[in-house]
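Enquirer: how would this look folded up:
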Amino acid sequence: MQIIPWLTFNGDCREAMNFYRECLGGELFFQTVSNSPMADEMPEQMKNVILHATLTKGKFVVMASDIVEETGLLKGNSVSLLLNCSSEQEIRTCYEKLSKGGTQTQPVELNFYGAFYGNLTDKFGNNWLLHYQL
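Expert: All right, here's what the predicted structure looks like:
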């Protein structure tokens, strides 16, 4: 089993996923409403909306969409994305890139249990926890 985060955006999924690819690398796939079986059922203004996006790099996977339920998009702090890095350089580089335009909540530093850790909220309102265990 594997948990894969699914992020919901309100019209800026393409921008966000391209940003994450620039920060983290990987292969990016987009499917718009117009390229799906539901295209004929959707209004014209929805044709270029991202129905499904996937960013993959090895075992790292993030999925996303611009399709928002009728209740609207509700951002909260109950879920964060934990990025488990493989080196001190990687955690510092990813932290700097992901925090551009966002909020650096806790800078990367060596903590009491012997790991580098930092957290931030990116410019799309998503919370990231970055971790590298020595």
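Enquirer: give me the number of residues near the residue nearest to Gly26 when sequence neighbours are not counted?
Expert: Once flanking residues are discounted, Gly26 sits nearest to Lys57: 3.2 Å by Cβ to Cβ, 6 or more residues apart in numbering. Every C-beta, even on glycine, is put in place using the N, C-alpha and C of the backbone. Neighbourhood size, Lys57 [other Cβ atoms under 10 Å]: 14.
Enquirer: and Lys57, bridged to which residues?
Expert: Phe60 (DSSP bridges).
Enquirer: Could you double-check that it sits in contact with Leu24?
Expert: Yes. Using Cβ atoms under 8 Å, Lys57 is in contact with Leu24, at 6.4 Å.
Enquirer: Give me the buried positions along the helix or strand hosting His131.
Expert: Element membership for His131 (DSSP states H and E) is strand 127-133. Judged by neighbour count using 16 or more other Cβ atoms under 10 Å, the buried positions of strand 127-133 are Asn127, Trp128, Leu130, His131, Tyr132.
Enquirer: show me the contacts for the first one.
Expert: Meaning Asn127. Going by Cβ atoms under 8 Å, 6 or more residues apart in numbering, Asn127 touches Asn77, Val79, Ser80, Leu81, Asn119, Leu120, Thr121.
Enquirer: Good, wrapping up.
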